[in-house]
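Undergrad: Show me the folded form of this:
(chains A, B, C, D, E and F)
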There are 4 protein chains.
Amino acid sequence: MATRSRSERATRRRLHPDERRRELVAAAERVLRRHGPDGCRVEDVTAAAATAKGNFYRYFKTWDDLLVAVRDHLVARYAEAVRERLDGPITDWWATLDDEIDRFISYQLDLGGLHDAVFHGPAERARAIDDPQSAPGLIGAFVAAGVADGAFAAVDIVPTSYLLFQVLHGAADAIAFGADDAAVRAATHRIVRHTLEGGPS
Amino acid sequence: MATRSRSERATRRRLHPDERRRELVAAAERVLRRHGPDGCRVEDVTAAAATAKGNFYRYFKTWDDLLVAVRDHLVARYAEAVRERLDGPITDWWATLDDEIDRFISYQLDLGGLHDAVFHGPAERARAIDDPQSAPGLIGAFVAAGVADGAFAAVDIVPTSYLLFQVLHGAADAIAFGADDAAVRAATHRIVRHTLEGGPS
Amino acid sequence: MATRSRSERATRRRLHPDERRRELVAAAERVLRRHGPDGCRVEDVTAAAATAKGNFYRYFKTWDDLLVAVRDHLVARYAEAVRERLDGPITDWWATLDDEIDRFISYQLDLGGLHDAVFHGPAERARAIDDPQSAPGLIGAFVAAGVADGAFAAVDIVPTSYLLFQVLHGAADAIAFGADDAAVRAATHRIVRHTLEGGPS
Amino acid sequence: MATRSRSERATRRRLHPDERRRELVAAAERVLRRHGPDGCRVEDVTAAAATAKGNFYRYFKTWDDLLVAVRDHLVARYAEAVRERLDGPITDWWATLDDEIDRFISYQLDLGGLHDAVFHGPAERARAIDDPQSAPGLIGAFVAAGVADGAFAAVDIVPTSYLLFQVLHGAADAIAFGADDAAVRAATHRIVRHTLEGGPS
DNA sequence: AATGAATGAGGTTTCATTCAT
DNA sequence: TATGAATGAAACCTCATTCAT
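TA: Residues are numbered from 1 along each chain as shown, chains lettered A, B, ... in the order given. Got it, this is the predicted structure:
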């Protein structure tokens, strides 16, 4: 029974908890993007993260928790990108709005299987409607800024943002499902613009 | 060891396949409404329909097939009610629109666990975007009539209806999730009205 | 509602996979011997092995795989016993032959339900005709040695051994089925001896 | 609801029980030959016999009963053919023996999936070892005649025939499984001839 | 006698989750 | 802290057999 030399195979990688958790989330993103929620089990994620199955539960209470973490990570990253794009003062709110709508639709389409995993399913229901870290929250921040700047009508931010997110999300769904890309985008633009334009409710 | 009551398991009920199928769908509606999609298995449905487990598979290839059937039934019934309400000529399109929006939101809220079962999950993805038998199709018919009557703006019916359904559906979700009922409804009304009003895209 | 005794379900026994697999095979032997292939389900085996049903499929892809494993184990054990008996040089091939024939028939009769399970049914067809690990292979080795020693006629080893196995197997079947033990054994001896004696085909 | 005219579709064929039974057996033969025992369910047989599933149990107590009936039919038909071939007095018993051996092996090989269905599986065990209607019984009759004619050695007919059937059956199995046809046949001939030749047991 | 819907046990499988090591 | 074997609750689905019509 050969004893394993101490240096052989630095397996059993001892990582800082935060780091390990981050690796699991990243692994889940990879697997979910490629295979979707149904082709992705706990074991697939731990395998992709090169750790043991049981280790998963050290970092996530349940599978759904992972999904929430993945979604948070995704949204945070996207929020970061938005922040960078909209760094300076916005001169043309309507052009910016149209641009961001198209970007967000395209972004969702690029998510592949991740889209179903985090925007349908249990992760979807795990957030308060007014959570600023969520996708609706992100939209809400943009809308609020536009309203404050006098560019958009004075809508009720929280519910309106939530519903506009449903529109953007539905748009990606429809396109992914086979609907005509340009037509869906046009309808989406119309809905969002008309909502933020115009007179009082 | 519980003794089986004499009346339990009376006789084998031989039904016409259509009738049996209807009973299974009805039973599923009952169970799903009460318990939601989780906590509801094939056996729960067959038990509620007072038939044997194996019988399920004579009528539905998979669980998802049942969900689709339940949704179709629900939508058909709702469509029937709408048809009756809107039987005569519509004089005030905007009032009717507001009324139907509120009704539809309330209807979804009343669905209980059924809502999750048929509007989230697999049943949701089993329909073409332009299926007239679907909820978006129902909305589409109303919008198309309003457009034809010159009351609504000439929107692109199919994608717009699909997206407006997302709004109505999201509204029910938000309220069910705890958001303020009146605020969500107000925001919903604003989005739908502004979309159907106004100038060109 | 039987209360569960405190000692029942002691602890989770974590075994080396090889060991667990061995236990499952051993449990299957016990259950099959007593109850035969019908009246023995996956669950019976896992219960007898004091493990969980789902664990079965970590070790055997299908039920038939288990049967093959059981048969292999049985044959290997029997082969071991033969090897020990026939360790030294054989002086009287014919007496040894007669002896081994009787032993093999008796052995099969002792198998009880195991006999049906591994020599009829699917396990039977999972082996190449010239597999040395099989019962015919065992017979073949003996016959080949006798031929090499000049004691037996120069028969075609592989097919002849396979067919003689059918005879020995059939003999056990017949006796188990109620035929006269001595008569069947006598007929068996005659067939095998005459086959290995005598001139060219 | 159109009432069905009296002459429309002479379905619900009312057959004499014997006739119906015969049709079921014939249908089973067809289906089993093509698809083997695993691709053949009660429903497949009744469908092939153009009758209702439930009707099956009017004629056969269980599925295994059908298998036995199929086997009996097969053997009876084969026995008939043998009787015709061996109608007159036999002059060369050894040549006839060889001929019949080859025919029987070929016959079994031609059975396709029927072979497994009736010679493996439950039908196999449903016969007394000395049943004259069985394949061993058929062999027994031939051997007995040869013995009576002084051509074959005075073997113990019943067990010997049973065991020789195992040899012939095993030969077909081996060939079907991929063994060399000529070699297996040669070995079979040797075993049978040597058994029936020669001196006392 | 004929029909085919109904029954229900049970084989097969999957996996989130737990826990001994 | 890491590991992966073990657990067990479902889920799926099939089919021989029964029986109301």
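Undergrad: domain ranges for chain A?
TA: A:14-60, A:65-196 (automatic domain parsing).
Undergrad: Please produce TSV containing those, extended by distance to chain D, mean neighbour count and mean pLDDT.
TA: Any C-beta I mention is one placed from the backbone N, CA and C, and that applies to glycine too. As requested, the domains of chain A are exported to TSV (distance: least, C-beta to the nearest C-beta, whole Å; neighbours: other C-beta atoms under 10 Å in any protein chain shown; pLDDT from 0 to 100):
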stretch	distance to chain D	mean neighbour count	mean pLDDT
domain A:14-60	30	16	92
domain A:65-196	36	18	94
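Undergrad: so where's the longest helix in chain A?
TA: Longest helix in chain A, counting residues (DSSP state H): helix A:63-85.
Undergrad: That helix near DNA strand F at all?
TA: No. Under the criterion of C-beta under 7 Å from any atom of the strand, helix A:63-85 makes no contact with DNA strand F; the nearest approach is 12.5 Å.
Undergrad: Could you give the separation of that helix from the chain centroid?
TA: Averaging C-alpha positions (C-alpha atoms, centre = their mean, to the nearest Å) puts helix A:63-85 5 Å from its chain's average.
Undergrad: That helix vs chain B: in contact?
TA: No. Judged by C-beta under 8 Å from any C-beta of the partner chain, helix A:63-85 stays clear of chain B, getting no closer than 11.1 Å.
Undergrad: sorry, back to before: save the domains of chain A as a markdown table, and put in distance to D:Ala48 too.
TA: Formatted as a markdown table, the domains of chain A follow (distance: least, C-beta to C-beta, whole Å):
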| stretch | distance to D:Ala48 |
| --- | --- |
| domain A:14-60 | 38 |
| domain A:65-196 | 42 |
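Undergrad: Can you say which of these is nearest to C:Ile139?
TA: C:Ile139 lies closest to domain A:14-60 among the domains of chain A, at 45.2 Å (C-beta to C-beta).
Undergrad: touching chain B at all, the closest one?
TA: No. Shown here: domain A:14-60 not in contact with chain B (C-beta under 8 Å from any C-beta), separated by at least 9.7 Å.
Undergrad: next structured bit after the host helix or strand of A:Asp116?
TA: Per DSSP states H and E, A:Asp116 falls inside helix A:113-119. Per DSSP H and E, helix A:113-119 leads on to helix A:121-124 as the next helix or strand towards the C-terminus.
Undergrad: what's the distance between the nearest residue to A:Gly36 once chain neighbours are set aside and B:Ala28?
TA: Nearest non-adjacent residue to A:Gly36, counting by C-beta to C-beta, 6 or more residues apart in numbering or on different chains: A:Gly113, 3.1 Å away. Remark: distance between A:Gly113 and B:Ala28 (C-beta to C-beta, to the nearest Å) = 28 Å.
Undergrad: And A:Leu86, by the same measure?
TA: 48 Å.
Undergrad: just A:Val75 next, same as before
TA: 35 Å.
Undergrad: Now do the same for A:Ala126: helix, strand or coil?
TA: coil (DSSP: H, G, I helix; E, B strand; the rest coil).
Undergrad: Confirm for me that it is in contact with A:Val68.
TA: Yes. Contact criterion C-beta atoms under 8 Å: A:Ala126 and A:Val68 qualify, at 4.9 Å.
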